[in-house]
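Trainee: sequence first, then the predicted structure, then my questions.
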Amino acid sequence: MIGPGLLVAATGVGAGDLATATFTGSQLGTAVLWAVVVGAALKFALNEGLARWQLATGTTLLEGAVARLGRGVAWLFLPYLLLWSLVVGGAMMSACGVALHAIAPVFDDPARGKLVFGVASSAAGVALVLAGGYRLFERMMAICAGLMFVVIVVTAALLWPGTGEVVSGLVVPRIPDAGGQGITWTTALIGGIGGTVTVLCYGYWIREEGRAGMEELRVCRIDLGVGYAMTAVFGMCMVMIGSTMEIEGGGAGLIVSLADRLEQPLGPAGRWALLLGALGAVFSSLLGVWQAVPYLFADVTQQIAGRSGPVDERSRAYRFYLLAIATAPVATLLVSFKQVQKVYAITGALFMPLLAVTLLVLNRRAWAGDGQNRPLGTAALLVTLAFFVYLAIG
């Protein structure tokens, strides 16, 4: 019942989210725990609107946008998807490479270890997607998500900053100054929680589950609620862990730095546990992108060609893009992870307001029928739009 929601949670949490939440906790402490909840709620509003459209119309959001707004939508989305895939693919490989090199430092040169392990992780992701299809993917994601969730929650509990601080950070919204950087870190925390383009993949996952018709909306709301609740708990735990220590470094290397710092209060077991949990987080994100983003490419190319009907893992377009996203981004492994992550954050920030606008335009009575936006849903989408416009401009 909650399978697609778990996939959303596992795919949406990557190295960038680990870094952002931990850095924010280190800089601002537990005072901004509320921001994690807000970020998860905004992403829930977007995904719920997407699910409503698909259940009401029987078409994916991309299909609906092309049908109602014209084929130009597909032509505009395709180059964006190509750029995003290149950047995020490199970020996923880099994060997995760094985590695996930290666990098994068999290379003297960390850069070489990142490259070799990153390529190996990509190949493993391709093999899993091709070998077992959606069901094997779902089981593997459940294992990775469970590993990362348990490890991070237990680590946060062992480093518990205090019940009073945690409760205050959740119920009293405030932003510490932090040398004038408080607002910047807080908006980054809100915007980074729960993924960006991968939000669109939820529609393909519920189609794999056979969900159709508005009677399935309640199930989708439950599984999205569970998925984003897990995302929020994970993010809050990373903020709490970061609040207990001063952190330097950046990007995927933060995983190693944080694990080394945890060795003092928690011992070697704490260091290894965090490394394994981080590996579960970054590999599940890679696997989710490898499995789901080719759906988007197959769908958009089908719309450009003027064809209709569902896309699946057996199509040539799907398999071509799976191999492309697993190989082309290897070149970015030679670039600083920090720079790759910066481009990834910018492209993601630009996409979210466009998604909110699309849902506001499509989910009206004339087009979506019973899936139309209700007042609460419209308000949530408007708030989401306003926030991500601010984030993209800033």
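Mentor: Cool, got the structure. Residues are numbered from 1 along each chain as shown.

Trainee: what is the longest helix of the protein by residue count?
Mentor: In the chain, with assignment by DSSP state H, the single longest helix is helix 110-158.

Trainee: helices or strands up against it?
Mentor: Applying 3 or more CB pairs under 8 Å, 6 or more residues apart in numbering; DSSP states H and E, one finds that helix 110-158 contacts helix 3-12, helix 72-103, helix 217-243, helix 253-266, helix 268-304, helix 316-327. Heads up, the C-betas are built off the backbone N, CA and C, glycines and all.

Trainee: return the most buried member of those.
Mentor: helix 3-12 (a mean of 27; mean count of other CB atoms under 10 Å).

Trainee: name the helices or strands packed onto that one?
Mentor: Short answer (3+ CB pairs under 8 Å, 6+ apart): helix 3-12 packs on helix 110-158, helix 202-208, helix 217-243, helix 268-304.

Trainee: how many residues are close by the nearest residue to Pro4 once chain neighbours are set aside?
Mentor: The shortest distance from Pro4 to any non-neighbouring residue, by CB to CB, 6 or more residues apart in numbering, is to Trp205 (4.1 Å). Using other CB atoms under 10 Å, Trp205 has 24 other residues around it.

Trainee: show me what contacts Thr20?
Mentor: Listed by CB atoms under 8 Å, 6 or more residues apart in numbering, the contact partners of Thr20 are 188-189, 192.

Trainee: got the angle between the helix or strand harbouring Gly169 and helix 217-243?
Mentor: Assigned by DSSP states H and E, Gly169 belongs to helix 163-171. Between helix 163-171 and helix 217-243, the angle comes out at 130 degrees (axes from the mean of the first three to the mean of the last three CA atoms, to 10 degrees).

Trainee: so which elements touch helix 163-171?
Mentor: Using 3+ CB pairs under 8 Å, 6+ apart as the contact test, the elements touching helix 163-171 are helix 33-57, helix 217-243.

Trainee: got a list of what Arg174 touches?
Mentor: By CB under 8 Å, 6+ apart, the contact list for Arg174 reads 31-32.

Trainee: now the phi/psi pair for it, please.
Mentor: Dihedral angles of Arg174 (phi, psi; degrees, to the nearest 10) stand at phi -150, psi 160.

Trainee: give me the distance between it and Leu55.
Mentor: To Leu55, Arg174 is 39 Å away according to CB to CB, to the nearest Å.

Trainee: could you do Gly242 as well?
Mentor: Going from Gly242 to Leu55 by CB to CB gives 38 Å.

Trainee: ditto for Leu376
Mentor: The gap separating Leu376 from Leu55 is 18 Å, by CB to CB.

Trainee: assign Trp367 to helix, strand or coil.
Mentor: Here Trp367 is recorded as helix under DSSP: H, G, I helix; E, B strand; the rest coil.

Trainee: burial check on Asp109, number of neighbours?
Mentor: Residues lying near Asp109 (other CB under 10 Å) number 10.

Trainee: just checking, Met240 touches Thr155?
Mentor: No. Between Met240 and Thr155 no contact is recorded; they are 9.1 Å apart, counting by CB atoms under 8 Å.

Trainee: residues in contact with Ala259?
Mentor: Residues in contact with Ala259 (CB under 8 Å, 6+ apart) are 102, 271-272, 274-275, 278.

Trainee: repeat the analysis, applying 10 Å as the threshold.
Mentor: Taking CB atoms under 10 Å, 6 or more residues apart in numbering, we find Ala259 in contact with 99, 102-103, 155, 266, 270-278.

Trainee: compile the residues you listed into TSV and extend it with columns for pLDDT and distance to Ala111.
Mentor: Shown next, in TSV, are those (pLDDT from 0 to 100; distance: CB to CB, whole Å):
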residue	pLDDT	distance to Ala111
Ala99	85	15
Ala102	84	13
Ile103	86	17
Thr155	86	28
Leu266	78	29
Gly270	80	27
Arg271	83	22
Trp272	86	23
Ala273	84	26
Leu274	81	22
Leu275	84	19
Leu276	85	23
Gly277	83	24
Ala278	82	19
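
Trainee: just these now: which is nearest Leu78?
Mentor: Closest approach between these and Leu78, by CB to CB: Ala99, at 31.7 Å.

Trainee: for the closest one, give its distance to Val256.
Mentor: Taken as CB to CB, the span from Ala99 to Val256 is 8 Å.

Trainee: joint contacts of these two?
Mentor: Residues touching both Ala99 and Val256 comprise 275, 278, with contact defined as CB under 10 Å, 6+ apart.

Trainee: where does the stretch 101-250 of the chain have low pLDDT?
Mentor: 247-250 (pLDDT under 70).

Trainee: could you rerun that using 90?
Mentor: The model of the stretch 101-250 of the chain has pLDDT under 90 over residues 101-115, 131-162, 172-199, 201, 208-210, 212, 230-231, 234-235, 238, 241-250.

Trainee: more crowded one of Leu376 and Leu55?
Mentor: Set Leu376 next to Leu55 and count neighbours by other CB under 10 Å: Leu55 wins out with 22 against 9.

Trainee: next, give phi and psi for the nearest residue to Gly12 once chain neighbours are set aside.
Mentor: Setting aside the residues directly before and after it, Gly12 is nearest to Gly195 in space (CB to CB, 6+ apart), at 3.1 Å. When read as degrees, to the nearest 10, the backbone of Gly195 gives phi 90, psi 170.

Trainee: show me the contacts for Gly195.
Mentor: Neighbouring residues of Gly195 by CB under 10 Å, 6+ apart: 8-14, 17, 43, 46-47, 88, 201-202, 231, 285, 288-289, 348, 352.

Trainee: need the nearest residue in space to Val383, chain neighbours excluded.
Mentor: Per CB to CB, 6+ apart, closest to Val383 is Leu42, 7.1 Å.

Trainee: who are the contact partners of that neighbour?
Mentor: For Leu42, the contacting residues are 190-191, 193-194, 228, 352, 356, 380-381, 383-385, 387-388, by CB under 10 Å, 6+ apart.

Trainee: gap between it and Thr196?
Mentor: Counting by CB to CB - Leu42 and Thr196 are separated by 12 Å.

Trainee: how about Leu62?
Mentor: For Leu62, the distance to Thr196 - CB to CB - is 15 Å.
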